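>>> I'd like to go over a predicted model; first the sequence, then the structure.
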Amino acid sequence: MMLCNESRKEAAGLTPFLTPRKTIRLATWNIRTMYEAGRTAQVAKEMKHYNTCLLGLSETRWLQTGQLRLTTGETLFTKKSKIKLNIIQCYAPTNDTDDEKKDAFYQQLPAVLDKAGKKYMAILMGDFNAKIGADNTGYNEVMGTQGLGYINENGERFADLCSLNQLVIGGSIFPHKRIHKATWRSPDHVTENQIDHICISKKFRRAWKDVKVMRGTDISSDHHLLMTAVRLHLKKFKNTTNMRTRYNVSVLKTKEVRTAFHLSLSNRFQPLQDQIENNDTNIETQWKLEARKEKKVVLNTSRTRAAKAKAQEDYTATDKEVKKNIRKDKRDHINNLAKQAEEAAGQGNLR
């Protein structure tokens, strides 16, 4: 069942409601029967109240297939073969049912999942009559530890199905209070179990926001509405195009171009070569640096307090002279560069 404003043809086509920009709500509900006056209107009312985009119904007791458009704007689908949605609504046999019927169900369901394809997101939901429990030993890739009670036979079949088809059981992932996990209650309101489930493809697990029971719904059913919030996450595409500049080296075959290129390189790297050949510090400064190094050795090897004081005084005086010479060399170097720039500007060489 869907809330939509499309025409019948649009509703039967691919539904574009799953987008990365908004979170949608999907739900499953065992309503026991649709053969009751006003039942469809009650379902539609609860959908609007909880802002549900798509609701899967179990045990409708309808034998027909097709779709029904309600006056309130909702569309009921009772067969999904014409809808290109990877959403599968199920009703599984109870735990006391004969093994033959259980085997037939769990043999048919994988074929339906394979038909839906594994490239896109698949959501499997419905009343599976399966208790999965809180112990996920052996199923840690498809189950969490937030389930209720202990796993039963149907639960093992259901967990094996999810493990083989890479489906994650949502009710076992998100931590909630017990009242927001139990999907079924006994007629005497004493026993509660978690037997309705919503599963999603393992590769799209990050799209899940929450899976929670909504106890406020009322349709005279012993099952609660189980709802999930889904938002599609797309991986950002990074442009890995190589933006390296390509040069036309074929023009270097021409002698004139090759000579001009060599001359240009020589002019560009000549200042660097001059700087390497002519060190920034002159000979006097280098001599003072060596003298300061010797003073440091004398300071470190002095034994007496008086000798250390004398060595420290000599080292401090030498250090001052070194720093003074370095500042002078720096000024001279800057003045030299400025003079070269002025001479180059006077000759019209602005490079």
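Here it is on my side, so go on. No experiment lies behind these values; they were computed from the predicted model shown. Numbering: from 1, shown residues only.
>>> ok, then the element right after the helix or strand hosting M125?
Using DSSP states H and E, M125 falls within strand 123-127. Later in the chain than strand 123-127, the nearest helix or strand by DSSP H and E is helix 153-164.
>>> all helices for the stretch 51-200 of the chain, in order.
99-116, 153-164 (DSSP state H, counting those that start in this stretch).
>>> okay, these, which one's buried deepest?
Of the helices of the stretch 51-200 of the chain, the one with the most neighbours on average (mean count of other C-beta atoms under 10 Å) is helix 153-164, at a mean of 20. C-beta: built from backbone N, CA, C; applies to glycine.
>>> Could you tell me which other helices and strands that one packs against?
Counting contacts by 3 or more C-beta pairs under 8 Å, 6 or more residues apart in numbering; DSSP states H and E, helix 153-164 is packed against helix 99-116, strand 167-169.
>>> for the first one, what is the average pLDDT?
When the per-residue pLDDT values of helix 99-116 are averaged, the result is 90.
>>> any low-confidence regions in the stretch 101-250 of the chain?
Low-confidence regions of the stretch 101-250 of the chain, defined here as pLDDT under 70, cover residues 234-244.
>>> Figure out which of the helices of the stretch 51-200 of the chain is closest to M143.
Checking the helices of the stretch 51-200 of the chain against M143 by C-beta to C-beta gives helix 153-164 as the closest, at 6.4 Å.
>>> which other residues reach the closest one?
The contact list for helix 153-164 (C-beta atoms under 8 Å, 6 or more residues apart in numbering) reads 92-95, 102, 106, 109-110, 124, 128-133, 139, 141-143, 151, 167-169, 197, 199.
>>> can the helices of the stretch 51-200 of the chain go into TSV with extra columns for distance to K209?
What follows is the helices of the stretch 51-200 of the chain, written out as TSV (distance: least, C-beta to C-beta, whole Å):
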stretch	distance to K209
helix 99-116	22
helix 153-164	20
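>>> on that earlier part again, in CSV, list the helices and strands packed on helix 153-164 along with distance to V251.
Compiled in CSV, these are given as follows (distance: least, C-beta to C-beta, whole Å):
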stretch, distance to V251
helix 99-116, 60
strand 167-169, 61
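>>> nearest to A182, of those?
Taking the helices and strands packed on helix 153-164 one by one with C-beta to C-beta, strand 167-169 is closest: 15.1 Å.
>>> who's sitting farthest from the centroid in the protein?
Relative to the centre of the chain, and counting by C-alpha atoms, centre = their mean, the farthest-placed residue is A306 at 70.1 Å.
>>> Okay, that one and E313: tell me how far apart.
In this structure, A306 and E313 are 11 Å apart, going by C-beta to C-beta, to the nearest Å.
>>> Which residues are in contact with I173?
Contact criterion C-beta under 8 Å, 6+ apart gives G144, Q146, W208, V211 as the residues in contact with I173.
>>> mind running it again at 6 Å?
Under the criterion of C-beta atoms under 6 Å, 6 or more residues apart in numbering, the contact list for I173 reads G144.
>>> ditto for G149
G149 neighbours (C-beta under 6 Å, 6+ apart): K131, G133.
>>> Now the phi/psi pair for it, please.
Phi and psi for G149, reported as degrees, to the nearest 10, are phi 70, psi -150.
>>> Near the nearest residue to F204 once chain neighbours are set aside, how many other residues are there?
What sits nearest to F204 in space, not counting adjacent residues and going by C-beta to C-beta, 6 or more residues apart in numbering, is M121, at 4.5 Å. Close neighbours of M121, defined as other C-beta atoms under 10 Å, add up to 17.
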